[in-house]
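S.K.: with the input below, show me the fold.
(one chain, ligands or ions: 2)
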Amino acid sequence: MTMEQAPITVLGLGGAGCRAVGALEKLAPGRLRLLAVDTDRAALENCPIPEANRLLAAADWRGGRGCGGNVLDGQRALARERSALESLLTGTPLLRVGGGLGGGTASGGAGIVLSVCRKLDLPTLFLLTLPFTLEGHSKRRVAEETLRNELLEMADAVLTLPNDLLFSVLPGTTPLSEAFALADREIAGTALALTAVLRQGNLLAVNFTDLVAVLRRRKSFCSLGVGIAASGEAADGTGRCQLALERMLQSPLLGGVDKLTGADAVIFSLIGGDSLALGETRQVLEQAGTFVRPEAKLFAGASTESGFGENVQLCALTIKFDAAEEVESTLAGGPVRKNRPARKAAAPAVEVEQLKFALDTLSKGMMDKTTPVIWNGEDLDFPTFQRRNVMIDTGKTVSASELKKQS
Ligand SMILES: Nc1nc2c(ncn2[C@@H]2O[C@H](COP(=O)(O)OP(=O)(O)OP(=O)(O)O)[C@@H](O)[C@H]2O)c(=O)[nH]1
Ligand SMILES: [Mg+2]
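M.R.: Numbering: from 1, shown residues only. Ligands and ions are numbered 1, 2, ... in the order given. Next up is the predicted model:
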């Protein structure tokens, strides 16, 4: 199956993941292959995608009640569905997994989904939200452990989106359900943009391998902005792409222009209907690029979707690496592995000798005249290293030729 024939698949895992997939279906019906996997029957039934694409995990064991925040249960539940996952995922050219870290199903199940992807040799990008600070330390710890222990080492690419970003621009009085619904729409918009620019054969495609080279084995925080505009919308004659750029910059999950200017890597994606012209594409992508610092890795893609009509959507995904990691070396030359010291160049082979302390036998002094304490044939008045003829290293070495000269 070629990249052009098979659609990219987006898998929503757990409650938040299924809601994001539902939002994606509403935003762009039938555009992507959508899958929803959860241990919670009600959450799955609310997801507006065909039943064949929904998987209720471990129904016999969990009874469709979810995992109530228990990560181990989430892991066990998904482990029971390995073969079902395999058949759902076989044949897809690229997978994006979405979900909220901090609960049981997505946090526990993400590692299992990843292992199935590895078995199928399926390139996979995870886009996961991090819990709100107000949800408490234990949720945050669950999220951190999942990332460190289950995902970062093995996944092609992991992006984490802090839910707290929602509060950076929304008024404090916004109901949580409204904030979540808004987040779902923004995530859906970005998911669509990301999958559109990663697809081959587009106006301007982003290479997944290049993206993986930047993201692999590192913790990345992301933020995302989406701006949609239509032709002739602005009374003052501002072009649709310009308007989309302005809206993208004000987008709630972007967290302000600073997120763009401070990013280590940025992906811009422009989608429009068949009327999208190369001139306006180039102009807006160049203008958006001026917000990104020159050292940052910049990916820009554009694609046409006839369903967009006269609308254009400009999307930015900003990526900031964990401050503890060595950013520059990764950008310069492929992924580095954290906590692994760089190997020193092997020294040329030289024959060396380990130097020993000169531990001569001294007189027992005034004790010389006393009756020796003999036990098992050994005189216990002499120290053990002398009785047993033990050598003690000085911690220094010297080449064999040097040693010859000294003696
Ligand atoms: N952006 C967004 N985040 C959400 C939403 N609902 C929950 N979250 C976040 O996602 C985390 C996990 O919640 P759920 O998705 O409900 O958990 P789950 O994976 O279904 O796990 P269990 O319900 O314990 O089986 C929470 O701690 C929240 O931070 C949502 O609608 N949108
Ligand atoms: Mg749930």
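
S.K.: which bits of the stretch 151-300 of the chain sit near ligand 1?
M.R.: 163, 180, 183, 184 (CB under 6 Å from any ligand atom). Bear in mind the C-beta positions are built from the backbone N, C-alpha and C, glycine included.

S.K.: take those and keep only those in helices.
M.R.: 180, 183, 184 (DSSP state H).

S.K.: name all residues that make contact with the first one.
M.R.: Contact partners of residue 180, counting by CB atoms under 8 Å, 6 or more residues apart in numbering, are 16, 19.

S.K.: relative to residue 10, how far out is it?
M.R.: Distance of residue 180 to residue 10, computed by CB to CB, to the nearest Å: 18 Å.

S.K.: domain ranges for the protein, per the record?
M.R.: If you go by automatic domain parsing, the domain ranges for the chain are 1-155, 352-406.

S.K.: for residue 270, find the nearest of these.
M.R.: Nearest to residue 270 among the domains of the chain is domain 1-155 (15.2 Å), distances taken as CB to CB.

S.K.: mean confidence score for that closest one?
M.R.: In this model, domain 1-155 has an average pLDDT of 92.

S.K.: same thing with stretch 170-184?
M.R.: Computed over stretch 170-184, the average pLDDT equals 83.

S.K.: any buried residues in it, and which?
M.R.: Residues of stretch 170-184 classed as buried: 179, 180, 182, 183, 184 (neighbour count, 16 or more other CB atoms under 10 Å).

S.K.: name the nearest residue to the third one, ignoring sequence neighbours.
M.R.: Distances taken as CB to CB, 6 or more residues apart in numbering put residue 252 closest to residue 182, at 6.3 Å, once the chain neighbours are dropped.

S.K.: next, count neighbours for the closest residue to ligand 1 within the stretch 251-400 of the chain.
M.R.: Ligand 1 sits closest to residue 253 of the stretch 251-400 of the chain, with a gap of 8.8 Å, by CB to the nearest ligand atom. When neighbours are defined as other CB atoms under 10 Å, residue 253 has 27 of them.

S.K.: identify the residues contacting the closest residue to residue 101 other than its chain neighbours.
M.R.: The spatially closest residue to residue 101, leaving aside those adjacent along the chain, is residue 143, at 3.6 Å (CB to CB, 6+ apart). Applying CB under 8 Å, 6+ apart, we find residue 143 in contact with 101, 102, 107, 128, 130, 131, 160.

S.K.: what about 6 Å?
M.R.: 101, 102, 130, 131 (CB atoms under 6 Å, 6 or more residues apart in numbering).

S.K.: which residues in the stretch 151-300 of the chain form strands?
M.R.: 157-162, 220-230, 265-272, 297-304 (DSSP state E, counting those that start in this stretch).

S.K.: quick check: the residue of the stretch 201-350 of the chain nearest ligand 2.
M.R.: residue 253 (21.5 Å; CB to the ion).

S.K.: same thing with the stretch 1-150 of the chain?
M.R.: residue 15 (3.5 Å).

S.K.: tell me how far that residue lies from residue 60.
M.R.: Taken as CB to CB, the span from residue 15 to residue 60 is 20 Å.

S.K.: those two: which is more packed in?
M.R.: residue 15 (23 against 8).

S.K.: residue 41 is in contact with that one, correct?
M.R.: No. With contact defined as CB atoms under 6 Å, residue 15 and residue 41 do not form a contacting pair (11.6 Å).

S.K.: make JSON lines out of the ones in helices among the residues of the stretch 151-300 of the chain next to ligand 1 and add distance to residue 213.
M.R.: Shown next, in JSON lines, are these (distance: CB to CB, whole Å):
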{"residue": "180", "distance to residue 213": "33"}
{"residue": "183", "distance to residue 213": "29"}
{"residue": "184", "distance to residue 213": "30"}
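
S.K.: ok, and which of those reach ligand 2?
M.R.: Among those, no residue is within reach of ligand 2 (CB under 5 Å from the ion).

S.K.: tell me the one among these nearest to ligand 2.
M.R.: Using CB to the ion, those come closest to ligand 2 at residue 180, 13.0 Å.

S.K.: once you drop chain neighbours, what's closest to the spatially most central residue of the chain?
M.R.: With distances taken as CA atoms, centre = their mean, residue 158 lies nearest the centre of the chain, 1.8 Å away. Nearest non-adjacent residue to residue 158, counting by CB to CB, 6+ apart: residue 126, 4.5 Å away.

S.K.: doesn't residue 107 make contact with residue 71?
M.R.: Yes. Counting by CB under 6 Å, residue 107 is a contact partner of residue 71 at 4.9 Å.

S.K.: these two: who's more crowded?
M.R.: Set side by side, residue 71 and residue 107 show more neighbours around residue 107, with 31 against 24, by other CB under 10 Å.

S.K.: roughly how far apart are the more buried one and residue 77?
M.R.: 12 Å.

S.K.: which residues of this protein lie near ligand 2?
M.R.: So far as CB under 5 Å from the ion goes, the chain lies against ligand 2 at 15, 40, 66.

S.K.: I'd assumed residue 169 was in contact with the residue nearest to residue 182.
M.R.: Yes. Using CB under 6 Å, residue 252 makes contact with residue 169 at a distance of 4.7 Å.

S.K.: would you mind telling me which of those two has the busier surroundings?
M.R.: Taking other CB under 10 Å, residue 252 and residue 169 do not tie; residue 252 has more neighbours (22 against 14).
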